[in-house]
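Enquirer: Sequence unavailable; structure follows:
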Ligand SMILES: O=P(O)(O)O[C@H]1O[C@H](CO)[C@@H](O)[C@H]1O
Ligand SMILES: O=c1cc[nH]c(=O)[nH]1
């Protein structure tokens, strides 16, 4: 891996308009800037720090633990900018909080999908590393998200996500005037047969960059659409917001428990208190 050390973290970052010391704790990454408020309403307290282009950042605490949220806008190019600039000011843990379209017929609108890894059907992560490199979620973030969803009693599915660059042709929707991209239906069918759970547009870039940089990332998305049954309803984004906020607090607690045990990695011999 080659890195340049030319990015002084004490400078305000160009897009997110934040600098080192502005944020603490895991950073939640919704696409939609309006979701930052829906997330922060769940916290003990919150304050808006910056709002520039699609990047809106609030910080606060949840369950007494520090947490931040920065919206990424739609798509992997802008999500990668968020990860780059947040990492430069000290963020080391990212939880994407998204909406998605299910690829399996039994997944219901309003359910959650927690991502274990993502098909890199976007171009941004290709700018960083060869296509054979996997977009894997960090085990600790997956553990925290699953623990949070279980504690909250939210219906969730755990598995592989497909991140696309196109909401329409890339997710096998017709384009304007009924246009059909060549191979789009076959791609959807191949993903369904492979057991891939959902489509969205940022997870694989976020996971790839975090993995390349030795940082932690994961994703939880609310299902708005089912690409097999044709349903579409914008229900349940609060469930992903609750799950990600609790997961952020759990990750901070897991780090404390690891430090006390003198270990670097979370493992089955460690246990979380009920929160
Ligand atoms: O709801 P968000 O987080 O924006 O996520 C999904 O919604 C957008 C498309 O409508 C894409 O960003 C996709 O990933
Ligand atoms: O179908 C959907 C719904 C939300 N976001 C997506 O990317 N796809």
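Expert: It's in. On a predicted model such as this, the values are computed, not experimentally measured, just so you know. Numbers count the residues shown, from 1 in each chain. Ligands and ions are numbered 1, 2, ... in the order given.

Enquirer: all contacts plus neighbour counts: C-alpha atoms, from now on.
Expert: Will do.

Enquirer: ok but residue 167 is inside a helix, no?
Expert: No: counting by DSSP: H, G, I helix; E, B strand; the rest coil, one finds residue 167 to be coil, located in no helix.

Enquirer: Now do the same contact list for it.
Expert: By CA atoms under 8 Å, 6 or more residues apart in numbering, the contact set of residue 167 is 173, 200, 201.

Enquirer: do that again at 10 Å, thanks
Expert: Residue 167 is in contact with 74, 75, 100, 101, 173, 175, 199, 200, 201, counting by CA atoms under 10 Å, 6 or more residues apart in numbering.

Enquirer: Contact residues of the stretch 101-250 of the chain facing ligand 1?
Expert: Within reach of ligand 1 by CA under 6 Å from any ligand atom, the stretch 101-250 of the chain has these residues: 200, 201, 202.

Enquirer: State the distance from residue 60 to residue 26.
Expert: Distance of residue 60 to residue 26, computed by CA to CA, to the nearest Å: 11 Å.

Enquirer: who's more crowded, these two?
Expert: For residue 60 versus residue 26, neighbours defined as other CA atoms under 10 Å are more numerous around residue 26 (26 against 20).

Enquirer: Excluding chain neighbours, what is closest to the more buried one?
Expert: Residue nearest to residue 26 in three dimensions, not counting chain neighbours: residue 93, with 4.8 Å by CA to CA, 6 or more residues apart in numbering.

Enquirer: Can you pull the phi and psi angles for that neighbour?
Expert: As for residue 93, its main-chain torsions (degrees, to the nearest 10) stand at phi -140, psi 130.

Enquirer: Please name the bridge partners of it.
Expert: When bridges are called by DSSP bridges, residue 93 pairs up with residue 216.

Enquirer: still on that earlier bit, save the contacts of residue 167 as CSV, and put in neighbour count, distance to residue 126 and secondary structure too.
Expert: Converted to CSV, the contacts of residue 167 look like this (neighbours: other CA atoms under 10 Å; distance: CA to CA, whole Å; DSSP: H, G, I helix; E, B strand; the rest coil):
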residue, neighbour count, distance to residue 126, secondary structure
74, 19, 18, coil
75, 21, 14, coil
100, 27, 22, strand
101, 28, 23, strand
173, 19, 24, coil
175, 13, 25, coil
199, 30, 18, strand
200, 26, 17, strand
201, 27, 14, coil
